[in-house]
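Undergrad: Show me how the following folds:
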Amino acid sequence: MGPSKPLSTVLITGASGFVGRHLVTYLCPTKHVIAFARRTQKAAGIEPHPNLDWILVDIMDQEQLENAFRKASSEQNIDYVFHLAAYYDFGDQIHSEIYEKTNVEATRILLELAAETNIKRFIFTSSVVASNFPEPGVKVTELSPPYADFPYAISKREGERLVKEASKYFPCSIVRLAAVYSDWCEYEPLYNFLKIWLSDRWDARMIPGHGSMAIPYIHISCVITLFHYCPVKIKPFEV
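TA: Below you'll find the model as predicted:
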């Protein structure tokens with residue numbers, strides 16, 4: 001037998017997050033994974049693997065992000081970038097500056113760094129909430145414009161704009177995820193909803209929102225399957 005084919009290299013931001021942890025675990029057996037994360041590998045619960053390089057990076061720190069990316073790309077030919085890292089706050093306070101620095105500025109920097117390499121595709125995770133809640137009888141699709149006007153949605157809309165511009169120079173894909181959950185219900189709003197729904201409270205079966213709101217859900221296994229096909233199945237933007 002001849003020499004084995006070298007593994008493709010995948011760089012993942014937000015590797016210690018919910019989606020990132022599952023993607024890292026899924027890809028390690030067949031890909032060389034470079035994981036950018038704010039938490040340690042141990043804290044994220046990721047087992048050591050010979051195909052995994054775990055690098056602590058705060059994407060809000062431009063110098064740190066640039067140095068980590070350039071060091072990684074100088075040692076390996078990065079084939080795919082999965083940009084999962086993002087900021088979202090379930091609380092009532094609005095942190096527009098953190099949304100801007102994390103979700104927009106870091107995306108711009110990563111795209112500029114990717115342009116210095118010969119990547120095969122840049123995959124950006126946006127969200128279905130980037131689009132406004134549709135009128136009755138209307139569906140949100142991949143063609144729905146990202147015109148929602150709260151801080152997180154605005155930051156994702158701007159991120160999508162940057163990715164579309166970059167797609168003139170190298171292949172890019174935008175994936176608008178719904179609320180991602182697992183068998184352990186690792187999505188706080190869904191967990192709280194089910195906790196109340198299954199309780200003995202007098203109002204347990206009352207659904208808030210007066211019919212003017214909804215949350216679409218997607219299981220983490222479906223997200224990972226989608227990401228598996230991203231590099232070869234999702235077409236680049238027409239620009």
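Undergrad: Just give the number of residues close to residue 56.
TA: Using other Cβ atoms under 10 Å, residue 56 has 14 other residues around it. (Each C-beta comes from the backbone N, C-alpha and C, glycine too.)
Undergrad: which residues touch it?
TA: For residue 56, the contacting residues are 37-40, taking Cβ atoms under 8 Å, 6 or more residues apart in numbering as the criterion.
Undergrad: cool, residue 180 as well?
TA: Residues in contact with residue 180 (Cβ under 8 Å, 6+ apart) are 18-19, 187, 217-220, 223.
Undergrad: Once you drop chain neighbours, what's closest to the most centrally placed residue in the chain?
TA: With distances taken as Cα atoms, centre = their mean, the residue of the chain nearest its centroid is residue 84 (2.7 Å). Take residue 84 and drop its neighbours on the chain: the residue closest to it by Cβ to Cβ, 6 or more residues apart in numbering is residue 14, 3.7 Å away.
Undergrad: Can you read off the pLDDT for the one you found?
TA: Predicted confidence (pLDDT) at residue 14: the value is 97.
Undergrad: just checking, it touches residue 86?
TA: Yes. Applying Cβ atoms under 8 Å, one finds residue 14 in contact with residue 86, separated by 6.7 Å.
Undergrad: hey, where'd the strands end up in the chain?
TA: Here the chain has its strands, by DSSP state E, at 9-13, 32-37, 52-56, 80-83, 121-127, 172-177, 179-181, 217-219.
Undergrad: Redo those strands as CSV? Include distance to residue 105.
TA: Supplementary listing: the strands of the chain in CSV, determined by distance: least, Cβ to Cβ, whole Å:
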stretch, distance to residue 105
strand 9-13, 13
strand 32-37, 15
strand 52-56, 19
strand 80-83, 13
strand 121-127, 14
strand 172-177, 18
strand 179-181, 24
strand 217-219, 27
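Undergrad: For residue 144, which of those strands is the nearest?
TA: Of all these, strand 172-177 sits nearest to residue 144, with 8.6 Å by Cβ to Cβ.
Undergrad: What is the closest one packed up against?
TA: Counting contacts by 3 or more Cβ pairs under 8 Å, 6 or more residues apart in numbering; DSSP states H and E, strand 172-177 is packed against strand 121-127, helix 151-166, helix 220-233.
Undergrad: Do I have it right that residue 68 meets residue 36?
TA: Yes. In this structure, residue 68 sits in contact with residue 36. The criterion is Cβ under 8 Å, and the distance is 6.4 Å.
Undergrad: anything in contact with each of those two?
TA: Residues touching both residue 68 and residue 36 (Cβ under 8 Å, 6+ apart): 55, 57.
Undergrad: More neighbours: the two, which one.
TA: residue 36 (28 against 21).
Undergrad: where does that one land on pLDDT?
TA: The predicted structure scores residue 36 at 98 on the pLDDT scale.
Undergrad: One more: residue 137?
TA: Confidence for residue 137, expressed as pLDDT, is 81.
Undergrad: how many neighbours does it have?
TA: Using other Cβ under 10 Å: residue 137 sits among 5 other residues.
Undergrad: ditto for residue 207
TA: Residue 207 has 11 neighbouring residues, counting by other Cβ under 10 Å.
Undergrad: how far is stretch 166-181 from where the chain is centred?
TA: Mean-position distance between stretch 166-181 and its chain equals 8 Å (Cα atoms, centre = their mean, to the nearest Å).
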